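Colleague: Build the 3D model from these lines:
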Amino acid sequence: MKRIRLATIGYGFRGAGLLAMARSIPAFEPVAVCDDNTDIRAKAEKDFPGIAFFDDPDAMLASGDVDAVLIETPPMTHARLAIAALEKNIHVLSDVPAIHAIEEARPLWEAAAASKAVYMFGATGNYFGFVQTCADLKAKGLLGEPFYLEADYVHDVREFAKTTPWRIGYEPIRYCTHSLGPLLGWLGKELSFVACFGTGSHVARDNPAGHDAMAAIFHAATGEVVKLLVSFTNSRAFGQHRYVCHGTQGVFECVWPLTGEKPKVTFSTREVYGFEKTIEIAVASDRPEFPTLENVAGHGSLDYAMLRDFAAAIEGEPCRLGLKEGLRMTLPGLFALQSAQHDGQLTEIRYPWS
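Modeller: Numbers count the residues shown, from 1 in each chain. From the prediction side, this is the model:
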């Protein structure tokens with residue numbers, strides 16, 4: 001079997017970890033690293049002796065020696081690099097978010113439609129174990145039809161700005177895919193309108209134009225409501241994800257402290273357990289059926305599952321998270337930002353296929 005020649009653009013924590021993990025997947029053969037930082041390339045040469053190294057992504061994509069690429073660069077570059085790869089029929093696994101600006105959606109959509117290559121969206125949040133648990137409850141009729149969903153992503157990441165300076169001044173609502181991915185999977189519908197507000201800067205006064213937190217209310221065309229809170233500058237001692245899905249037959253909730261603990265998952269339904277009864281469901285934060293490989297890429301077995309699915313999609317299997325899913329998760333945050341910039345004005349969310 002011919003192996004897929006895999007490269008990464010960006011050799012930071014994620015790029016280095018994913019390329020290392022790809023060595024454990026028989027379909028992949030790591031062949032190249034592109035990074036414009038000399039010191040980082042020197043580290044990559046020690047980690048992967050004998051492969052090719054580039055400081056220019058366009059040169060790497062034009063080399064003819066790469067079949068698939070990981071895009072692990074700052075968000076402002078994701079769309080441009082994905083388009084450049086797709087135009088050369090090179091398969092793409094793009095980190096989140098899919099695009100940085102609304103006007104990038106259509107060129108990326110058209111490039112993917114014209115390409116022979118696969119575009120996969122690297123939304124590891126959709127692989128969390130609890131995501132499947134809620135989907136199973138819905139499939140069995142215990143949850144009913146979702147009508148109100150919400151998510152919080154509260155994590156003080158000011159320290160991360162030292163190694164990822166793109167975070168400085170980055171509006172938090174742009175980074176919505178970790179939260180919206182699971183919610184949209186349970187809802188099964190696109191979001192149509194949004195109103196969003198930012199708090200301004202209160203915790204860190206060194207960025208007066210920034211927002212400590214941003215909150216958005218989304219509306220689907222058929223009436224369902226989604227609420228999202230994202231805060232990357234706050235006074236919490238530790239970060240936390242929170243997901244809630246209110247269905248016509250039951251309520252699912254997951255609270256996950258980002259401290260290495262397992263998520264706390266509860267489910268309540270009048271139909272089965274009585275109105276006053278809530279059960280706690282034991283759910284792993286990772287996917288124990290896949291190897292963690294010492295968590296080399298940051299999300300352990302979730303990354304392994306994602307890379308495995310990327311290889312399968314290249315080999316002809318249906319792509320679990322394609323560009324349409326990626327834009328469904330990304331564009332609502334960008335239109336929410338537009339709403340916040342206009343004092344919370346109700347804003348229509350537009351997609352390049354509609």
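Colleague: the helices in the stretch 201-350 of the chain, which residues?
Modeller: 270-273, 301-314, 323-341 (DSSP state H, counting those that start in this stretch).
Colleague: Which of those sits closest to Glu103?
Modeller: helix 323-341 (9.7 Å; Cβ to Cβ). To be clear about C-beta, it is placed using only N, CA and C from the backbone, and glycine gets the same treatment.
Colleague: For that closest one, C-alpha coordinates in CSV please.
Modeller: Backbone C-alpha positions of helix 323-341 (Å, rounded to 0.1, in the frame of the first residue of the first chain) are rendered in CSV as follows:
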residue,chain,number,x,y,z
LEU,A,323,-15.3,22.1,5.2
LYS,A,324,-19.1,22.5,5.5
GLU,A,325,-18.9,21.4,9.2
GLY,A,326,-15.9,23.6,9.7
LEU,A,327,-17.6,26.7,8.4
ARG,A,328,-20.7,25.9,10.3
MET,A,329,-18.6,26.0,13.5
THR,A,330,-16.5,29.0,12.5
LEU,A,331,-18.7,31.5,10.7
PRO,A,332,-21.2,32.0,13.6
GLY,A,333,-18.3,33.4,15.7
LEU,A,334,-17.2,35.8,13.0
PHE,A,335,-20.8,37.1,12.5
ALA,A,336,-21.0,37.3,16.4
LEU,A,337,-17.9,39.5,16.3
GLN,A,338,-19.6,41.7,13.7
SER,A,339,-22.6,42.0,15.9
ALA,A,340,-20.5,43.0,18.9
GLN,A,341,-18.8,45.7,16.8
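Colleague: Identify, out of the helices of the stretch 201-350 of the chain, the most deeply packed stretch.
Modeller: helix 323-341 (a mean of 24; mean count of other Cβ atoms under 10 Å).
Colleague: From the contact counts, what lies against it?
Modeller: Applying 3 or more Cβ pairs under 8 Å, 6 or more residues apart in numbering; DSSP states H and E, one finds that helix 323-341 contacts helix 105-114, strand 119-121, helix 177-187, strand 191-198, strand 213-220, strand 347-348.
Colleague: Quick check: phi and psi on Ile71?
Modeller: phi -100, psi 100 (degrees, to the nearest 10).
Colleague: how close does it get to Ala213?
Modeller: Ile71 sits 28 Å away from Ala213, going by Cβ to Cβ, to the nearest Å.
Colleague: Which one's more surrounded, the two?
Modeller: Set Ile71 next to Ala213 and count neighbours by other Cβ atoms under 10 Å: Ile71 wins out with 25 against 21.
Colleague: hang on, the earlier thing: and the helices of the stretch 201-350 of the chain as JSON lines, adding distance to Ala101 and mean pLDDT?
Modeller: Below are the helices of the stretch 201-350 of the chain laid out as JSON lines (distance: least, Cβ to Cβ, whole Å; pLDDT from 0 to 100):
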{"stretch": "helix 270-273", "distance to Ala101": "45", "mean pLDDT": "69"}
{"stretch": "helix 301-314", "distance to Ala101": "25", "mean pLDDT": "94"}
{"stretch": "helix 323-341", "distance to Ala101": "7", "mean pLDDT": "98"}
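Colleague: Could you list the low-confidence segments of the chain?
Modeller: 1, 272-276, 285-286, 288, 291-298 (pLDDT under 70).
Colleague: Domains in it, by residue range?
Modeller: Domain segmentation of the chain under automatic domain parsing yields 4-124+305-320, 128-285+329-348.
Colleague: Would you reformat those as JSON lines and include distance to Ser354?
Modeller: JSON lines is the format used below for the domains of the chain (distance: least, Cβ to Cβ, whole Å):
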{"stretch": "domain 4-124+305-320", "distance to Ser354": "11"}
{"stretch": "domain 128-285+329-348", "distance to Ser354": "8"}
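Colleague: Run a quick neighbour tally on the nearest residue to Thr73 once chain neighbours are set aside.
Modeller: Of all residues not flanking Thr73 in the chain, Gly10 sits nearest, at 4.1 Å (Cβ to Cβ, 6 or more residues apart in numbering). Using other Cβ under 10 Å, Gly10 has 26 other residues around it.
Colleague: from memory Gly10 sits against Arg41, does it?
Modeller: No. Using Cβ atoms under 8 Å, Gly10 is not in contact with Arg41, being 11.3 Å away.
Colleague: any shared contact partners between the two?
Modeller: Asp35 (Cβ atoms under 8 Å, 6 or more residues apart in numbering).
Colleague: which residues in the stretch 51-200 of the chain form strands?
Modeller: 52-54, 68-71, 91-94, 119-121, 146-154, 191-198 (DSSP state E, counting those that start in this stretch).
Colleague: With distance to Arg23 added, can I get these in CSV?
Modeller: Below are the strands of the stretch 51-200 of the chain laid out as CSV (distance: least, Cβ to Cβ, whole Å):
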stretch, distance to Arg23
strand 52-54, 16
strand 68-71, 13
strand 91-94, 15
strand 119-121, 19
strand 146-154, 31
strand 191-198, 38
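Colleague: Which of those strands sits closest to Ile173?
Modeller: strand 191-198 (6.0 Å).
Colleague: which other residues reach that closest one?
Modeller: 171, 173, 180, 184, 211, 213-221, 226, 328, 332, 335-337, 339-340, 344-349.
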